[in-house]
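A.B. asks: Need a 3D model of the sequence below.
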Amino acid sequence: MTMNKIMGKLRRKNKNQYTLLGICIFLSVLLVTSFTFMYFSPTVQELLPQGGDTRKLSWLMMGVTFLGCTVFTFYGANLFFRHKSREIGVFLALGEQKRKLGKCLAREVGIVIIRYAVCGIVLAVPVSYLIWNGFEALIITSAGMKYRVGPVGLGVGIVFALFLVLCIFFLGIRFIRRVNIIEILNAQRKTEMVREVKPWTGKVGIFLIIAGLVLAMAVPAVCMRVFLFVMPSFWNVTYGISAVGLYLFMLSAVGRTGRGKNPEKYYKNIVSSNLMRFTARQTTKNMCVITLLVFVLLLSAFWGAMYYRSAYAGGEGAPYDYSMHYPSGEKQVTKDDIFELAQEYEVDIEAYEEAEAVVLLTDYKMRDLTDRGKYVDLNSRKLVSFVSASDFSRIAGRKTVVRSGEYKTIVPSGYHPSIWVKPHCLLRVEDRKLSYKGTEEFDNLTETSDPFTFILSDEDYHNFAGASDGPDREKLVFFCVGDVYSTYDFARELKHEYIAHAGELSDHVALYDAYEEERAVEQGTGYFYSGKAGLSEDNPDLMGDWKYAPFFKVLVKADAMQMVAVFVLLSVYIAVISLAAVGVMTYVRSVTIAMDNRQLFGDLGRLGADRNYIERVIRRQLRRIFTYPTAAGSVIVLVFSMLLIYFNDMHLDAGELRLFVMELGLILGVAVFMYVMYRVSLRRMEKMVL
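C.D. replies: The predicted model follows:
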């Protein structure tokens with residue numbers, strides 16, 4: 001009988017080992033390739049802004065996906081070679097050459113991994129298509145959001161599959177080069193005992209986990225807002241303190257045993273208490289990986305929900321459904337045009353207001369970040385929009401009182417001051433000092449000018465306006481409609497007309513300032529924001545980078561949902577990948593415990609242990625594997641999320657607190673999943689040892 005036939009018989013006898021390795025490769029390639037199909041889809045790449053935070057987070061998620069699937073595959077491959085060691089050891093003991101065994105093993109493994117990798121790549125297309133269609137419900141309009149496959153996604157998937165194949169072959173070469181036959185034969189019985197774990201190990205681990213998170217997240221935020229400097233990037237190594245703490249905590253959970261105050265209970269459960277100590281290092285590392293995967297899946301789902309909430313709430317605080325502002329000298333769409341268009345699209349306009357703003361030269365205090373990472377206070381001069389108190393009271397529907405020599409700042413609803421500029425920033429308005437008298441929330445005027453739009457008393461407004469004319473005035477239009485989210489077609493057509501009527505006076509990018517451009521010309525230097533905005537509906541960046549971009553609530557939400565739906569899709573997909581990896585790793589670890597200790601459980605039965613005792617030992621082993629990583633990952637992600645949101649702006653609002661309630665729901669869902677996996681693993685383990 002040839003060696004290939006012998007290997008074939010062994011493969012058929014141990015098909016579960018090959019199937020497990022194949023499933024690890026198949027899931028990794030499938031998940032990564034379908035992820036890259038979606039991320040590198042022309043649709044997604046056109047939506048994600050170049051250099052934006054969303055694209056950066058998406059790249060981070062892709063890196064997490066690659067790393068998680070690689071670790072997952074390495075785990076399966078190591079288990080495969082570990083179980084294969086006895087067969088190879090027997091052949092070596094019988095005098096077979098390692099070179100010949102290596103070729104046969106490479107052929108056997110190669111057939112399996114290539115077959116499953118190809119299946120993963122092939123099925124990635126329909127899987128990504130089905131997932132994309134499932135998430136289309138998050139998008140208000142599907143225009144421009146059709147599923148498209150790009151060659152880059154396929155190429156990245158193939159490269160990743162080849163990378164896994166090479167890594168597995170490398171592990172196989174390292175495995176076959178081992179020369180100690182006795183070590184190979186006893187690899188499955190090899191123990192990894194640890195020294196006595198001190199009673200304080202677990203407590204120190206918990207302290208280090210919290211300390212690492214606080215140092216990594218709180219210290220940079222406090223330094224930025226209080227001491228006005230940015231912590232260097234190397235400070236991120238403090239996250240490693242949490243990793244060390246996690247290892248110590250898991251080591252304590254696995255290897256900490258002792259009689260304590262109840263020695264009778266200890267001796268009664270001495271087998272179940274000490275069984276994991278024989279593989280303490282391997283089990284601890286495994287539980288740490290599972291904890292990190294639980295952390296990643298919960299955090300990814302939380303990020304997706306957080307972005308979805310921000311998009312869903314986008315524009316909700318605006319009292320008017322539609323608002324526009326443009327230079328008063330421009331011939332824009334008129335009130336009659338708007339009402340005529342509304343009648344054509346059967347839209348009911350319920351409230352309509354017009355107002356005027358005057359553009360004045362101001363000196364204000366701002367904050368900037370230097371190349372050395374220091375925040376410095378600067379005085380800046382630019383043109384800013386002002387409205388009168390009477391006009392604001394009329395359009396806002398509430399009276400605001402501003403006396404001569406005073407001003408108020410218009411801010412978004414739920415506003416919290418940023419580090420860059422404060423509401424009381426004005427130093428002078430046209431060389432006149434005014435006193436700050438608070439803020440007024442009105443979302444429709446927060447994007448009219450930078451850094452804010454301000455309110456003047458009627459007297460001061462007319463005095464300033466009397467010295468200004470022409471392009472130094474802006475017209476403001478506001479109106480509400482019935483059932484705003486059913487007016488998408490009307491909004492698209494009004495946007496078309498608005499852009500068509502826009503001319504040279506309003507063709508400027510968002511941060512353009514005429515005064516700054518004038519000063520730059522006088523000094524002979526270039527002005528960075530002097531370019532045109534590109535007034536065309538085909539310009540995907542127009543609404544985000546146009547000084548006079550209108551606010552149409554239904555379009556704002558639709559555009560935000562298109563952007564965020566992609567990120568939510570990627571976030572949830574990462575969560576699914578991590579959840580699949582957690583399920584497989586916990587199940588495989590359970591089966592491994594059963595296989596490694598099958599003889600021990602048999603000896604316990606021969607020594608008189610009944611079935612109930614052995615079942616209790618099995619349950620205690622599985623509870624550690626499932627409970628500790630799930631609890632640790634859940635608590636860590638809760639602390640991380642709280643620190644992340646709070647230190648973002650040093651404040652927690654009701655909407656953010658609701659996110660934590662939702663996160664508790666996610667944790668409950670993961671707990672239910674882990675319980676189901678626990679029951680499945682328990683049943684499988686009992687069949688193997690009982």
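
A.B. asks: Strands of this protein, start to end?
C.D. replies: Under the criterion DSSP state E, the chain carries strands at the ranges 322-327, 349-369, 375-388, 406-411, 426-429, 435-441, 453-456, 473-481, 551-552.

A.B. asks: if I look at the closest residue to residue 409 other than its chain neighbours, how far off is residue 90?
C.D. replies: In space, and not counting its chain neighbours, residue 409 is closest to residue 423: 3.9 Å by CB to CB, 6 or more residues apart in numbering. For every residue, glycine as well, the C-beta is placed using N, CA and C. Per CB to CB, to the nearest Å, residue 423 is found 79 Å from residue 90.

A.B. asks: Which one of those two is surrounded by more residues?
C.D. replies: It is residue 423, of residue 423 and residue 90, that has more neighbours when counted by other CB atoms under 10 Å, with 19 against 13.

A.B. asks: and that one, what is it in contact with?
C.D. replies: 409, 411, 417, 436, 438-439, 452 (CB atoms under 8 Å, 6 or more residues apart in numbering).

A.B. asks: what's the domain layout of the chain?
C.D. replies: Split into domains by the TED database, the chain comes to 1-189, 197-255, 270-315+553-689, 320-552.

A.B. asks: I'd like the average pLDDT over the longest helix belonging to the chain.
C.D. replies: The longest helix of the chain (DSSP state H) is helix 553-596. Across helix 553-596, the average pLDDT comes to 80.

A.B. asks: For residue 580, which non-adjacent residue is closest in space?
C.D. replies: Residue 580's closest residue in space is residue 27 (CB to CB, 6+ apart), at 5.9 Å.

A.B. asks: so that neighbour makes contact with residue 579?
C.D. replies: No. The pair residue 27 / residue 579 is not scored as a contact, 11.2 Å apart, by CB atoms under 8 Å.

A.B. asks: low-scoring pLDDT stretches of the stretch 251-400 of the chain, where are they?
C.D. replies: 255-270, 272-274, 276-280, 311-312, 314 (pLDDT under 70).

A.B. asks: Now do the helices in it.
C.D. replies: 263-268, 270-274, 280-312, 335-344, 389-396 (DSSP state H, counting those that start in this stretch).

A.B. asks: Any chance of those helices in TSV with mean neighbour count as columns?
C.D. replies: Output for the helices of the stretch 251-400 of the chain, formatted as TSV (neighbours: other CB atoms under 10 Å):
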stretch	mean neighbour count
helix 263-268	11
helix 270-274	16
helix 280-312	22
helix 335-344	14
helix 389-396	20
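
A.B. asks: Of all those, which one comes closest to residue 131?
C.D. replies: Using CB to CB as the criterion, the shortest distance between residue 131 and the helices of the stretch 251-400 of the chain is 13.2 Å, found for helix 280-312.

A.B. asks: if I pick residue 598, what's in contact with it?
C.D. replies: So residue 598 contacts 688-689 (CB under 8 Å, 6+ apart).

A.B. asks: rerun at 6 Å
C.D. replies: Shown in contact with residue 598 (CB atoms under 6 Å, 6 or more residues apart in numbering): residue 689.

A.B. asks: ok, for residue 42, nearest residue in space, not its chain neighbours?
C.D. replies: Using CB to CB, 6+ apart, the closest residue to residue 42 is residue 148 (4.9 Å).

A.B. asks: So what does that neighbour look like in phi/psi?
C.D. replies: phi -140, psi 140 (degrees, to the nearest 10).

A.B. asks: hang on, isn't it packed against residue 41?
C.D. replies: Yes. Between residue 148 and residue 41 there is a contact at 5.3 Å, judged by CB atoms under 6 Å.

A.B. asks: neighbour-wise, which of these two wins?
C.D. replies: Each of residue 148 and residue 41 has its neighbours counted (other CB under 10 Å); residue 41 has more, 21 against 14.

A.B. asks: Next one, pLDDT for that one please.
C.D. replies: Model confidence at residue 41 (pLDDT) stands at 82.

A.B. asks: got it, and residue 241?
C.D. replies: At residue 241, pLDDT is 95.

A.B. asks: Can you give me the distance of it to residue 207?
C.D. replies: Taking CB to CB as the criterion, residue 241 is separated from residue 207 by 10 Å.

A.B. asks: of those two, who's got more company?
C.D. replies: residue 241 (19 against 15).

A.B. asks: wait, doesn't that one sit right on residue 208?
C.D. replies: Yes. Using CB under 6 Å, residue 241 is in contact with residue 208, at 5.3 Å.

A.B. asks: Give me the pLDDT for residue 52.
C.D. replies: 57.

A.B. asks: typo on my end, it should be residue 181
C.D. replies: pLDDT at residue 181 comes out at 62.
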